[in-house]
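Q: With the sequence up front, the predicted model follows.
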Amino acid sequence: MKEELKIKETPTCPHCGQKMSKCETPTYNFGDVSSGWNDPFLYICFNDECKFFVEGWERMKKYYGKNASYRFMYQPTNGIGHAIAVFSKDALKGQICKDETEST
């Protein structure tokens, strides 16, 4: 049975207002997401100027001692928005999906 999506249109990031990108789900997971991603795809903000991403580098270093940041994301099946960790500026960008309705 196909799960109904709570987010049906591409959202904008609440931190910077940029249209988010539809991405393949990562093959890894963090924390208590032990069952992995149950979404067919994720929406992720790839704006390198986004305050959430920019300030994440300092916070991850200060609180966790890691050279990492995070980007804002939504899970389309449940509509939940949260952070996804990234270890470089280009992390996850290779998983951006090309939408059939967009021109190349």
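A: Perfect, thanks for sending it.

Q: Verify the stated contact: P26 with K93.
A: No. Using Cβ atoms under 8 Å as the test, P26 is too far from K93 to be in contact (11.9 Å). C-beta: built from backbone N, CA, C; applies to glycine.

Q: the more surrounded of those two?
A: A count of neighbours by other Cβ atoms under 10 Å puts P26 above the other of P26 and K93, at 18 against 14.

Q: Go ahead and list the helix or strand containing that one.
A: Using DSSP states H and E, P26 sits within no helix or strand.

Q: ok, it to K51 distance?
A: Going from P26 to K51 by Cβ to Cβ, to the nearest Å gives 23 Å.

Q: go on, I84?
A: According to Cβ to Cβ, I84 stands 16 Å off from K51.

Q: Could you check which of the two has the larger neighbour count?
A: I84 (19 against 12).

Q: neighbours around A91, how many?
A: Using other Cβ under 10 Å: A91 sits among 16 other residues.
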